[in-house]
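J.: build me a structure from this.
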Amino acid sequence: LSKEWSMECLLSFVELTQWQHKMRLEYVHDGLQSEMTLIGLQQKLLENKGLVKSYIVYPEEGDMKLEEMLKQNDIPVQKDWDLNDKMIVMKLKAIVLYRKYVED
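T.: Below you'll find the model as predicted:
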């Protein structure tokens, strides 16, 4: 893949795939899973246990807390945000991914 795609595109594909997979796992009970299908390449990526997990999608597996990640990306935490609400957290992670790959 690295010969055909730029490294930035490849990294964005991996991180967006991991985000989409986590979203599917969190909301399978809401009927969302059928609307968020993964293509074969995405499924193969997720099966690769050697693939490093995104610090944006999985901050809990690293040293960074969600609030710290938001601060580093100039996203001020609002008082009315419930950071225990999984949907709000997934939306915030999507914003960080957008800023990382699209906005810059």
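
J.: tell me the confidence at Met36?
T.: Looking at Met36, its pLDDT is 67.

J.: going forward, the N-terminal residue is numbered 31.
T.: With 31 as the first residue, the last one maps to Met66.

J.: may I have the phi/psi pair for the residue nearest the centre of the chain?
T.: Centroid-nearest residue in the chain: Trp49, 3.0 Å away (criterion: CA atoms, centre = their mean). Trp49 adopts backbone torsions of phi -60, psi -50, taken as degrees, to the nearest 10.

J.: who are the contact partners of it?
T.: Ser84, Ile86, Val87, Met120, Lys123, Ala124, Leu127 (CB atoms under 8 Å, 6 or more residues apart in numbering). For the C-beta atoms, the positions are set from N, CA and C on the backbone; glycine is no exception.

J.: what's the spacing between it and Glu133?
T.: Distance, Trp49 to Glu133, using CB to CB, to the nearest Å: 16 Å.

J.: where does pLDDT dip in the chain?
T.: 31-35, 58-66, 92, 134 (pLDDT under 70).

J.: quick one on the thing from earlier: report the separation between the residue nearest to the centre of the chain and Leu113.
T.: For Trp49, the distance to Leu113 - CB to CB - is 17 Å.

J.: and for Leu100?
T.: Here the criterion is CB to CB. By it, Leu100 lies 9 Å from Leu113.

J.: before we move on, the earlier item: neighbour count, distance to Val107 and secondary structure added to the contacts of Trp49, as TSV?
T.: Formatted as TSV, the contacts of Trp49 follow (neighbours: other CB atoms under 10 Å; distance: CB to CB, whole Å; DSSP: H, G, I helix; E, B strand; the rest coil):
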residue	neighbour count	distance to Val107	secondary structure
Ser84	22	20	coil
Ile86	22	16	coil
Val87	23	19	coil
Met120	16	15	helix
Lys123	23	14	helix
Ala124	16	16	helix
Leu127	19	17	helix
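
J.: out of the residues you listed, who's nearest Pro106?
T.: Lowest distance from Pro106 to the contacts of Trp49 (CB to CB) belongs to Lys123, with 15.9 Å.
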